[in-house]
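[1] structure of the sequence below:
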Amino acid sequence: MLSKLKCKLKNVENMFLLFFLSFSLFSIEIINAQKTNVGLICENDNTDVERIFQLAINKVNPDMEDMYLNGVSISIEPGNAFETSKKLCKMLRQNLVAVFGPTSSMAAKHAMSICDAKELPFIDTRGDFVVELPTINLHPHPTQLAVILKDLVTMLEWEAFTIIYECGEYLPVVNDLLQMYGPAGPAIVVRRYELDLNGDYRNVLRRIRNSGETSFIVVGSIETLPELLKQAQQVGLMTGAYRYIISDLDLQTIDLEPYQHSDANITGIRLVSPENELVLEVAKALYEEEDPYVNVSCPLTVNMALVYDGIQLLAETFKHIMFRPVSLNCNDDVTWDKGYTLVNYMKSLSISGLSGDIKFDYEGLRTDFLLEIIELTVSGLQKIGTWTGDEGASLDRPPSLISSEPDQRSLVNKSFVVITAISEPYGMLKDSPAKLEGNDQFEGFGIELIEELGRKLGFSYTFRLQEDNKYGSLNPVTKEWNGMLLEIMEGRADLGITDLTMTSDRESAVDFTIPFMNLGIAILFRKPMKEPPKLFSFMSPFSGEVWLWLGISCVSVSLSMFILGRISPAEWDNPYPCIEEPTELENQFSLPNCFWFSIGALLQQGSELAPKGFSTRSVASFWSFFILIMVSSYTANLAAFLTVESLSTPIENVEDLAANKGGVNYGAKLGGSTFNFFQGAKFPTYQKMYEFMDSHPEYMTSTNAEGVTRVENENYAFLMESTTIEYITERRCTLTQVGTLLDEKGYGIAMKKNSPYRDVLSQAVLQLQEQGVLVKMKTKWWKEKRGGGACTGVESDSGALALEISNLGGVFLVLIAGSFFGLFVSIVEMICGVKQRCDENKQKASSDSAAELGMANVGGIYAVLLAGSIIAVFCGIVEWICGLYSTAQANKIPFKTELMEEIRFVLKCSGNTRPVKYPKPSRSASSRSKFSVSSKDSSSVTVDSLATDDQQLQKRKK
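    Numbers count the residues shown, from 1 in each chain. Below you'll find the predicted structure:
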């Protein structure tokens, strides 16, 4: 009994030991399982990303060995880079092995930069051009997105399109797409849409609508797309005439129900297929916890799917690589040595996830992915094809989307009555000697447009002329329409074609196709007239002020030369070089000679007067430099003034016209769309113009032709459409368009309200635009037919024009006046000369000494020297004083006495000669005869010697 008890106790002990060992091994396994932190940066408004991040971690943890993933997330304000950096640095201390970046560009770039510095794997879910080394980007590269868009355009056979992009972040995609086509590609227009101050896109959308563009590629974020589409529908861009390609991969996540019956063709692409079983499973697990009755058919966003796939990729990597995470600090240089190894291994893997097959090329870019091409139908988005990197875009439209019923909107074998009005060049009667009937009697741009549409769509037509030539306007009193629009509204005509402007009033009464021609209101006026040249146009290069100061400068320099010439000793010369000791010295700078010197230099002609003193040469140098600049400036300006003819026009813009500048009256066609535009305008200038036209009915016309005639014959301006002005100015060379367009509008084909043929006709008009047919037609009817091109080459050449007598008449007048003035002066000089000789003979008879002097007393003119002659005056005074000092020392007389005597001589201002002063001879001097003006009392000078010298001097003078 005791032995059995001992055996049982031993069995219990063994069982307890076995249980203890099992529990210990399990505890050791749990303790040894490594906790691996994975970071997530998400914006405050994106909680779904955080939820799917945690869901993916929970999904992979049961399959992990020796480790398990732990999600660490931080929340930031969208786009807050500073907050991102601060919180990420704090999170790096928690032994992270990878970081999932935010969706905003600025915050993601800062997070990527920090992870790059720490060599920590960064998993990006955005389409980014720059991929750093430790970064895994699960999103298709923007360059691949541009290739996808190009393939879609090719598949849909677009011949021209408009790229509408949101902001600068999307410019790389736009740039890549443009480079792929190059200059030889289709016509591509690039426009940017961005919220204005009023919070809408309508301004840019209206410009797009008015331009006639109908095929659009929208490159922007999914956040702004719903509002863009909504406002596009409000401005009339969601009809059967318009086609869209949406570049964002999340098109299926927004509500498109309002546009399912709009007839607009909306095509998109998606990376995450809502038909994928894995996608449905994840969506159900994600949303059923919160709401068991949630519609799990709602697909996941691309960002959410890529976060989920990123966790799957990390888990697969951790199964093959052993590592130990470390705590990182942004403030030191420590990095994680396993970061690059993890990234490189991740790039080598290939897995299947929510976004399809995940592979990377050697650059780390995602490759071999598949996109579904989707199209909006009346039943919602439908898959119509696929795109792959190898095969490109392929169309596989389901049979349910291909209607086997005949198109009720087809125009084949239909017959229309088309009403038109006589208006060049849209509708005209043919010039033919034979009598024409039916359609054969009409021609013009509008007529040919209907012919092209009929040939393209297979309908027949009969033209009918509007007898009163009225297009159609609403009577504000009776609220009734008239003209062509009334015929269409009452069913007597099916279509209306002429230069019929699309206005809001008219669109309330009838329907229009898209514009076949875009235009605006402009001003027709006479071309600027050439101003007749002025008689003294040669004086135009300088202003009157410059000419005045030029004259003052000439007079001032002349007076400076005269004064300095009398002061400077170097300017007093011996008039008779043969006489070694003359009694008089002569100065060449008399007052007339000084003026002749200045004028000769001014006219760049020599005067044969050469200054010798430093002071006079300084003045001459300054004057020559001054003349060099003035003459060069005058010559350069004169060429322009004589060859360029200025044009004068009383009005240059609508403001001048509204102010009746130059007495120009103006008007428009009474009852036309141009007049109605001013009638309903809110702009003050336009309101003022309407009041003028309303109060002056005599300036209004019944036809455009009448207005053109008045412009040619009167001081009158006519307001009309710019395209018609272009047609007129090609034929009437004296007329032109003044200013810019006052508005933007278009011409369209009118038809009855709610016509089933509007979209078909609009589509055909669009195709003619894309094929360039409308451009060729406009060239034909504007520049070739009916006298077109008559004004080509009429404008004067850009080369120099020949000068006429009217340009240089003033020069000839100056020459004639100068010649007569010279003749008059010569006569006066001759008379004065005869009189002077008579006086000299009388004086010679009465007094020999007076005759021998031969000088007339004349008065001098004193003037203040110019600022530029100060140096010369100073030098002249110094030379003068030094000369006086030398003379006083030589003659042994006081300097003061010599100075006073010299001042008296200078102030006398008479004659060009002066006596020479010699020093008194020494006692040992020879008996040779010496004399000076100041030694009259010297005993060494004999009377006979003086008399002999005087006689010789008189003979030389004679």
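[2] pull the helix or strand with minimum mean pLDDT from the protein.
    Across the helices and strands of the chain, mean pLDDT, DSSP states H and E gives its lowest value to helix 848-853, namely a mean of 39.
[3] for whichever helix or strand comes after it, enumerate the helices and strands it packs against.
    With elements assigned by DSSP states H and E, the helix or strand that comes after helix 848-853 is helix 870-891. Counting contacts by 3 or more CB pairs under 8 Å, 6 or more residues apart in numbering; DSSP states H and E, helix 870-891 is packed against helix 544-567, helix 614-643, helix 895-908. In short, each C-beta sits where N, CA and C put it, glycine included.
[4] point out the most buried one among those.
    helix 544-567 (a mean of 19; mean count of other CB atoms under 10 Å).
[5] from the contact counts, what lies against that one?
    helix 591-602, helix 614-643, helix 870-891.
[6] distance to L768 and mean pLDDT added to those helices, as TSV?
    Listed next are those as TSV, based on distance: least, CB to CB, whole Å; pLDDT from 0 to 100:
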stretch	distance to L768	mean pLDDT
helix 591-602	71	85
helix 614-643	48	78
helix 870-891	82	77
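[7] could you export stretch 767-779 as CSV, CA atoms only?
    Extracted C-alpha coordinates of stretch 767-779, given in CSV (Å, rounded to 0.1, in the frame of the first residue of the first chain):
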residue,chain,number,x,y,z
GLN,A,767,-13.6,67.2,-85.4
LEU,A,768,-13.4,69.9,-88.2
GLN,A,769,-11.5,72.1,-85.8
GLU,A,770,-9.0,69.3,-84.8
GLN,A,771,-8.5,68.4,-88.5
GLY,A,772,-7.6,72.0,-89.4
VAL,A,773,-10.6,72.3,-91.8
LEU,A,774,-12.0,75.4,-90.2
VAL,A,775,-8.6,77.2,-90.3
LYS,A,776,-8.3,76.5,-94.0
MET,A,777,-11.8,77.7,-94.6
LYS,A,778,-11.1,80.9,-92.8
THR,A,779,-7.9,81.5,-94.8
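[8] quick one: low-confidence residue ranges for the stretch 851-958 of the chain.
    For the stretch 851-958 of the chain, applying pLDDT under 70 flags the ranges 851-870, 873, 907-958.
[9] okay, now the nearest residue in space to D263 that is not next to it in sequence: neighbour count?
    Spatial nearest neighbour of D263, excluding adjacent residues (CB to CB, 6 or more residues apart in numbering): G240 at 3.5 Å. When neighbours are defined as other CB atoms under 10 Å, G240 has 16 of them.
[10] before we move on, which element is A717 in?
    strand 716-721.
[11] the helix or strand following that strand packs against which elements?
    Using DSSP H and E, the helix or strand that follows strand 716-721 in sequence is helix 722-729. Contacts defined by 3+ CB pairs under 8 Å, 6+ apart place helix 722-729 against strand 517-519, strand 521-526, strand 735-738.
[12] just name the most buried of the ones you listed.
    Ranked by mean neighbour count, the helices and strands packed on helix 722-729 are led by strand 521-526 with a mean of 24 (mean count of other CB under 10 Å).
[13] partners of it, with directions?
    strand 716-721 (antiparallel), strand 735-738 (antiparallel) (DSSP bridges).
[14] between these, which one is closest to D573.
    With CB to CB, the closest approach to D573 among the strands paired with strand 521-526 belongs to strand 735-738: 70.2 Å.
[15] what's next to the closest one, contact-wise?
    Applying CB atoms under 8 Å, 6 or more residues apart in numbering, the contact partners of strand 735-738 are 522-528, 649, 651-653, 657, 708, 711-712, 717, 722, 725-726, 728-729.
[16] mind running it again at 7 Å?
    The contact list for strand 735-738 (CB atoms under 7 Å, 6 or more residues apart in numbering) reads 522-527, 651-652, 711-712, 722, 725, 728-729.
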